[in-house]
Structures are given as structure tokens and as C-alpha cells.
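Undergrad: pasting a predicted model and its sequence here:
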Amino acid sequence: MSSKITDYRLLAEKIFLAGIDAVHPSKLISRYLKRTEDGLTVNGIFHKTKGKIFVAGAGKASGAMAEAVEDILGDKITAGHVIVKYGYSKPLKRISVTEAGHPLPDHNGFVGTKKIVEIAESAGEDDLFLFLVSGGGSSLLADYPPGSSEQDMVKMNDLLVKCGASISEINIVRKHLSGIKGGQLARLVYPATFVNLIISDVPGDSPAVIASGPAYPDDSTFADALEVVEKYRLTDKMPESLLHYLELGVKGDIPENPRKDDPVFEKTYNIIIGNNRMALEAAEAFAMKEGLDCITDENLLCLDVAAASEYIVNKALTSRKIRKKGKPLCLLFGGETTIEVKGKGTGGRNQHLALLCAKLLRQHSGITVLCGGTDGTDGPTEAAGAVVDSVTWIEAIMNRINPQWYIENYDSFNFFREAGGLIVTGPTFTNVMDMIIAIC
């Protein structure tokens, strides 16, 4: 059976969108949260609502998550507040919303975080604090340590996201420059019951990493944070106030974040309700309905974009040798690549990865590759990613567009805007890392 769609670029985009649709908060929340006559069940565990129910959250999906929670709990909600990226808000009735900056925090994020802190501190022993976390939470939950400023934290975040560090390394630093991350929100909520519903955007789905682990014990230390700063040569670039704060922590003048044996976690539950694997499974199911054979790579792509592009293309070249005659083969990859930005152009890791794939594919016909972020945003651009094939590079040159220049200047967005190939979904209201689809 051949594919019903012969345009592989279009087919790749439809497979991508099918994966995203499967992890929309409206579908995920309803699986895990149920209302009962005298309480609610979360992941099958009954909670008697003798006290109040507070709802808070942060992340690109938290607005849609809050909307789904309101649909289920309605007037049982006492109060709530969520922080979302600009454009990711939802019309809510009982939960207020702050739109704020991402990937860099802005003033709105700091204001919204204070509102969440106030709600957390108001929760009593008989109350339930329901927290909704998704990708982007680390930037949207914005605060700063004593002796520093909002501007210091904005600069620090800019340095971290551009230095080439992994998300785990970035969040180790963030946790130690915050009063809410690294399990410290659980400290504020205690002794109320804390239920943290999580849509994962990190490899391994660790609640310690997602949104910098506001409800999870922190095994990292101030020394670990300072080691990341030194590893990526940020010591002389970061604000002195923040460097001084980390150094005080290393000396023991500032207490470490709560560990797993801390009593603040006695009534805290972290539940993963959505992740990259769910999206890949849905994408595979859709592709198979379209008549494609599928192979989902078991290895998460957490490589530098250059290494990732070689891995993807080599896998496609090797795999198409075993495909059935006349039947397209779909390769699915998930993960989150890293990129050290050295140019002054505009783009994102997925668009840059796609452009690198285009360079490798220029001598290999019959392969299409789509690289996209499931949140609908790739870097500070309007695109989720881009799709390329063997003619992308050649046609660009024929149209007097030099793709190598765009690679060297890290200006992939403007390349694809000129040459074509941008994938623009608008806000997806979810975030489970990236998906790469190769059809050959």
C-alpha cells in the first residue's frame, strides 16, 4: 500500500501535527483528573476536599491545562494563577493569567510569579494546591535572589540559553538563583497537599528538571551551579550580584535547596501526564494509517545540531535500503538538540538543524526531513521549525540565496523565509520537546 499523500513535505507536516494533537492538555488532563461528589481523583488517587483548592502553574501549556482543569472542577476552585508565554493565554473564569516573556523572562513574569507565591503561602494544611507545569516554566517562573535585580536575571538567562549547555545544566544554575525552583515551591506550599501535573519537555521526564523542579527534591548544589558557569566560560560575563550569590552558597552562607528527605515533600505528588513518547506514538500511528512503514528511533536526540544532522541523514540513508518496494519509510526521532549560537541572525535549533540536513541531503534524492518544536515556537521566531529535501539547497543557490552564509550567521529563519520550508503552526498549547520526521 503506497501513501495516500504523495507530497512528502505535506505528509511530514501532517505526521508532525498528529503527534502534537495527541498531547494537547485537553486530552491529557481529562485522563488524570476526575471530579467526585466529595472530592476529586488525581491519577486514580482520591483526595477529599475538606479544604480549599488552589490552582497555579507556569509554562506554554499551562493556560490550556488550566482551562481543562476549570472544565472539570469548576466552582470547586477557590483561586488560581498561571503564567504563559505571550499568545498562549486561554479565556479562564476562576484562574487568572499572566502573559510573560519566553525564552527570556520579562517584568510580567516576575509579577506573575509573585502572585503564585502569594497563593502558595496562603494554602493551609487541609487545602489542595494543584500545580500545572509544562515547557517554558523555567523562564516564566521568574524571580531573583537578594542583592540582584530583574535585569540581572534576564541577562543571566540570555547567557545560559546561548552558551550551548544542556537544559539540565541550565536548570541547575536557575535553581540556585531562585526562591521557588529546586523544590522551594513545595516548601512554600507545605503543609498543604501539593499535586504537580507535568507535561514533560525534557529527556528522561525528570520532575527535577522540568520547569527547574519547583515541587521536586534538588540533589544538585551551589558548587554544581558554579561548575556549569565555569564550564561554559560565563564567569566574566554574568552579573556580579549573581556570581556573588552562588559563591556565598558554595561557602554555606545560603542553605541548599530541600533534599528528598525534607518533610516538605511528605504530601507532594509529581505526575507526568504527557511526554515526547506519547507524541511519537501518535505520529507513528498516523503515518501507518497513511500507508507508511515506521521506525521510531529509541535514542533521544540530545546532540549538538551538527552531530544530530549527520545522525538523522545517515539513519535515513541506511534505513531506506531495507524499505519495502514501493512503500515509503517514515523515521521518527524525538528529543531536544543543543546549539551554541555564534552569529547574529534569527532562528532556532530546529530550523538550523533542518538547514544542516539540507546541506547533507543535496546529493541524496528522495529523502524529506522535518524538524519541529511541539510548542509551535522555535527560538525567538514565529515558526515551529522547517522541512527540507534534496532540492532545498540546490534551488536556493539557483535563486541566488546562499545557504552556507545563513548557516554561518545562524540566520536559518530568514533563509527559510526566503527559500520556503517554514513550518508555522501558531501556538499549540503544549510542549513535549521536538519531533524530527524523515520520509524516504
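TA: Great, that's in hand.
Undergrad: what residue is smack in the middle of the chain?
TA: Gly135 (3.3 Å; C-alpha atoms, centre = their mean).
Undergrad: hang on, that one packs against Ser62?
TA: No: with contacts counted by C-beta atoms under 8 Å, Gly135 stays clear of Ser62, the gap being 9.9 Å. For the C-beta atoms, the positions are set from N, CA and C on the backbone; glycine is no exception.
Undergrad: if we can go back for a sec, the residue nearest to the centre of the chain and Lys60: what is the separation?
TA: Noted for Gly135: a distance of 6 Å to Lys60, by C-beta to C-beta, to the nearest Å.
Undergrad: swap in Ala142?
TA: Relative to Lys60, Ala142 is positioned 15 Å away (C-beta to C-beta).
Undergrad: again with Asp71
TA: Asp71 is 19 Å from Lys60, by C-beta to C-beta.
Undergrad: any low-confidence regions in the protein?
TA: 1-6 (pLDDT under 70).
Undergrad: quick one on the thing from earlier: more neighbours: Asp71 and Lys60, which one.
TA: The neighbour comparison of Asp71 against Lys60 (other C-beta atoms under 10 Å) goes to Lys60, with 30 against 14.
Undergrad: and the residue lying closest to that one once chain neighbours are set aside, how many neighbours does it have?
TA: Excluding the flanking residues, the one nearest Lys60 by C-beta to C-beta, 6 or more residues apart in numbering is Gly136, at 4.2 Å. Residues lying near Gly136 (other C-beta under 10 Å) number 25.
Undergrad: surely Gly136 is in contact with Gly57?
TA: No: counting by C-beta under 8 Å, Gly136 does not reach Gly57; the two are 10.9 Å apart.
Undergrad: and for stretch 423-431, what's in contact with it?
TA: By C-beta atoms under 8 Å, 6 or more residues apart in numbering, the surrounding residues in contact with stretch 423-431 are 13, 16-17, 20, 23-25, 59-61, 63-64, 85, 87-88, 90, 134-136, 199, 201, 274, 370, 372-377, 382-387.
Undergrad: for that stretch, buried residues please.
TA: 423, 425, 427-431 (16 or more other C-beta atoms under 10 Å).
Undergrad: tally of neighbours for Arg94?
TA: By other C-beta under 10 Å, 17 other residues sit near Arg94.
Undergrad: just the CA coordinates of the lengthiest strand in the chain, formatted as PDB?
TA: Using DSSP state E to define each element, the chain has its longest strand at strand 77-85. Extracted C-alpha coordinates of strand 77-85, given in PDB (Å, rounded to 0.1, in the frame of the first residue of the first chain):
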ATOM      1  CA  ILE A  77     -11.600  26.100  42.600                       C
ATOM      2  CA  THR A  78     -11.000  28.700  45.300                       C
ATOM      3  CA  ALA A  79      -8.400  30.800  43.400                       C
ATOM      4  CA  GLY A  80      -5.600  30.300  41.000                       C
ATOM      5  CA  HIS A  81      -3.000  31.900  38.700                       C
ATOM      6  CA  VAL A  82      -1.000  30.700  35.700                       C
ATOM      7  CA  ILE A  83       1.900  32.300  33.700                       C
ATOM      8  CA  VAL A  84       2.000  31.600  30.000                       C
ATOM      9  CA  LYS A  85       4.100  32.800  27.100                       C
END
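Undergrad: right, and the helix or strand after it?
TA: strand 96-100 (DSSP states H and E).
Undergrad: so which other helices or strands are in contact with that next one?
TA: Judged by 3 or more C-beta pairs under 8 Å, 6 or more residues apart in numbering; DSSP states H and E, strand 96-100 is in contact with strand 77-85, helix 107-122.
Undergrad: wait, Ser139 touches Asp106, no?
TA: No: taking contacts as C-beta under 8 Å, Ser139 lies outside contact range of Asp106: 9.3 Å.
Undergrad: the two - which one has more neighbours?
TA: In this view Ser139 and Asp106 are compared by other C-beta under 10 Å, and Ser139 has more residues nearby, 28 against 17.
Undergrad: before we move on, which element is the more buried one in?
TA: helix 137-140.
Undergrad: who does that helix touch, helix- and strand-wise?
TA: strand 53-58, strand 77-85, helix 107-122, helix 167-175.
Undergrad: in PDB, list the C-alpha atoms belonging to the helix or strand encompassing Leu353.
TA: Assigned by DSSP H and E, Leu353 falls within helix 349-361. Listed next in PDB are the C-alpha coordinates belonging to helix 349-361 (Å, rounded to 0.1, in the frame of the first residue of the first chain):
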ATOM      1  CA  ARG A 349      17.600  24.900  16.900                       C
ATOM      2  CA  ASN A 350      15.100  23.100  14.600                       C
ATOM      3  CA  GLN A 351      15.400  25.500  11.700                       C
ATOM      4  CA  HIS A 352      19.200  25.400  12.000                       C
ATOM      5  CA  LEU A 353      19.100  21.600  12.200                       C
ATOM      6  CA  ALA A 354      16.900  21.400   9.100                       C
ATOM      7  CA  LEU A 355      19.300  23.600   7.200                       C
ATOM      8  CA  LEU A 356      22.200  21.400   8.100                       C
ATOM      9  CA  CYS A 357      20.200  18.400   7.000                       C
ATOM     10  CA  ALA A 358      19.500  20.200   3.700                       C
ATOM     11  CA  LYS A 359      23.200  20.600   3.100                       C
ATOM     12  CA  LEU A 360      23.800  16.800   3.700                       C
ATOM     13  CA  LEU A 361      20.800  15.800   1.500                       C
END
